[in-house]
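Chemist: What follows is a predicted protein model with its sequence.
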Number of protein chains: 2
Amino acid sequence: MPLLFGVPRSLVHCSVGNVIKGFRRCLALKVGDNATLTKRITKEDVTQFGNLTGDTNPIHVDDLYVRENTKFERCVVHGAFLNSLVSSVIGTQLPGPGTVVVKQELNFPSPCYVGEEVEVSVKVKDVRKIITVEFLCRSNSGNVVLWGIAKLVHQPVSKK
Amino acid sequence: MPLLFGVPRSLVHCSVGNVIKGFRRCLALKVGDNATLTKRITKEDVTQFGNLTGDTNPIHVDDLYVRENTKFERCVVHGAFLNSLVSSVIGTQLPGPGTVVVKQELNFPSPCYVGEEVEVSVKVKDVRKIITVEFLCRSNSGNVVLWGIAKLVHQPVSKK
């Protein structure tokens, strides 16, 4: 498989000064740093997400289907939507703008029902060339609906 | 951590007939079965995705920021968006409606640039109580932009 998001290539293309600048930026992050986001996921959010991504699996949008055919109480939020909220915390707060995800492990232990509020937490576990964070999404019912780890590269490595 | 998406609980709650029905449905899937989706990801798609999920990381939406601060040629598609397309194939084609993802591993080896067309392929690797699929997204530039595996439960287990 190809290299991780071209990381080695980026280092080759950077001057030493820029590499150091990138490393300094990473070093500003500390193990244990954390950030959270809270969002109530509405039926409209889920419908929009389904239309945008093409994932119109009725389990997400059809209450009658869910009641008649599954063990769930009502429509469940797309797991990929929950993961998008994790990426939102990573890409806007911690490490923040310029970050890209290179690897991720996701676990969906319980369903997140449409209409529930979720709290998404991201915590720094390791800071090297590749930054490791762990994340957890808990719904207001108290269930963990997503947890996992992500490996990140914190752009920008300035070209200037 | 909690159990995988309540799978053991679902089996406890089902009658034997329903369990067998669920198993038959799984058995209709064969190792090697595959499905694909092709989509050109436009700037509008990425903007909508950012607004919906809150992931407004400028690496996805700000060409000037990308040119001045990163090693990328232009704005890159959210990795979480690419994964949403994988979920779309899983939830609408293979195994199809009623499927939920319980676990996933994602690798993003190369950037997917906004405006590129991606082909998303999903292939069945193992069919048991938990179904295993592997997936791969390739952009029209020829790069693999996402690959990984997913563990799935194929709902519905009919209540009737």
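Modeler: Noted; the coordinates are in hand. Numbering: from 1, shown residues only, chains lettered A, B, ... in the order given.

Chemist: Under a three-state scheme, what state does the residue in chain A sticking out farthest from the centre occupy?
Modeler: Residue farthest from the centre of chain A, counting by CA atoms, centre = their mean, is A:E68 at 31.8 Å. Here A:E68 is helix, with the state taken from DSSP: H, G, I helix; E, B strand; the rest coil.

Chemist: can you pull out the helices in chain A?
Modeler: A:7-13, A:16-27, A:43-53, A:58-61, A:63-69, A:79-92 (DSSP state H).

Chemist: Does chain B have contacts with the shortest one?
Modeler: Yes - looking at helix A:58-61 against chain B by CB under 8 Å from any CB of the partner chain, the contacts come from A:58-60. To be clear about C-beta, it is placed using only N, CA and C from the backbone, and glycine gets the same treatment.

Chemist: picking up where we left off before, mean pLDDT lowest where, among the helices of chain A?
Modeler: The minimum mean pLDDT among those belongs to helix A:7-13 (a mean of 35).

Chemist: what number of residues lie near A:N57?
Modeler: A:N57 has 25 neighbouring residues, counting by other CB atoms under 10 Å in any protein chain shown.

Chemist: Can you name the residues bridging to the closest residue to A:I90 other than its chain neighbours?
Modeler: Spatial nearest neighbour of A:I90, excluding adjacent residues (CB to CB, 6 or more residues apart in numbering or on different chains): A:T99 at 5.5 Å. With DSSP bridges as the criterion, A:T99 is bridged to A:H154.

Chemist: Can you give me the pLDDT of A:T99?
Modeler: 94.

Chemist: repeat for A:A28
Modeler: In the prediction, the pLDDT value recorded for A:A28 is 84.

Chemist: give me the number of residues near it?
Modeler: Using other CB under 10 Å: A:A28 sits among 10 other residues.

Chemist: can you tell me how far it sits from chain B?
Modeler: Separation of A:A28 from chain B (CB to the nearest CB, to the nearest Å) stands at 16 Å.

Chemist: cool, A:N143 as well?
Modeler: For A:N143 relative to chain B (CB to the nearest CB), the value is 7 Å.

Chemist: Which pLDDT does the model give that residue?
Modeler: Confidence score, pLDDT, at A:N143: 96.

Chemist: what do you get for A:H154?
Modeler: 87.

Chemist: Isn't it up against A:P97?
Modeler: No - using CB atoms under 8 Å as the test, A:H154 is too far from A:P97 to be in contact (9.5 Å).

Chemist: between those two, who's got more neighbours?
Modeler: Shown here are A:H154 and A:P97; by other CB under 10 Å, A:H154 has more neighbours (23 against 18).

Chemist: which residues does A:V77 contact?
Modeler: The neighbours of A:V77, taking CB atoms under 8 Å, 6 or more residues apart in numbering or on different chains as the test, are A:41, A:46, A:60, A:111-114, A:116, A:145.

Chemist: That one: what's its closest spatial neighbour, skipping adjacent residues?
Modeler: Counting by CB to CB, 6+ apart, the residue nearest A:V77 is A:C112, at 4.4 Å.

Chemist: now swap in A:R40 and tell me
Modeler: A:R40's closest residue in space is A:E117 (CB to CB, 6+ apart), at 4.3 Å.

Chemist: who are the neighbours in contact with that neighbour?
Modeler: So A:E117 contacts A:38-41, A:139-140 (CB under 8 Å, 6+ apart).

Chemist: Now do it against A:D45, distance only.
Modeler: Noted for A:E117: a distance of 12 Å to A:D45, by CB to CB, to the nearest Å.

Chemist: again, but for A:N51
Modeler: For A:N51, the distance to A:D45 equals 11 Å [CB to CB].

Chemist: Those two: who's more crowded?
Modeler: The residue with more neighbours, out of A:N51 and A:D45, is A:D45; 18 against 12, by other CB under 10 Å.

Chemist: who touches the residue lying closest to the more buried one once chain neighbours are set aside in this structure?
Modeler: Of all residues not flanking A:D45 in the chain, B:L52 sits nearest, at 6.6 Å (CB to CB, 6+ apart). B:L52 makes contact with A:45, A:48-49, A:52, A:84, according to CB under 8 Å, 6+ apart.

Chemist: how about CSV for the residues you listed, with distance to B:I131 added?
Modeler: Listed next are the contacts of B:L52 as CSV, based on distance: CB to CB, whole Å:
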residue, distance to B:I131
A:D45, 27
A:Q48, 28
A:F49, 23
A:L52, 26
A:S84, 23
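
Chemist: Tally up the residues packed near A:P58, please.
Modeler: By other CB under 10 Å, neighbour count at A:P58 equals 20.

Chemist: out of everything not next to it in sequence, what's closest to it?
Modeler: Distance criterion CB to CB, 6+ apart; nearest residue to A:P58, sequence neighbours excluded, is A:Y65 at 4.0 Å.

Chemist: measure the one you found to B:P97 for me?
Modeler: Plainly put, A:Y65 is 8 Å away from B:P97 if you go by CB to CB.

Chemist: anything in contact with each of those two?
Modeler: A:58-59.
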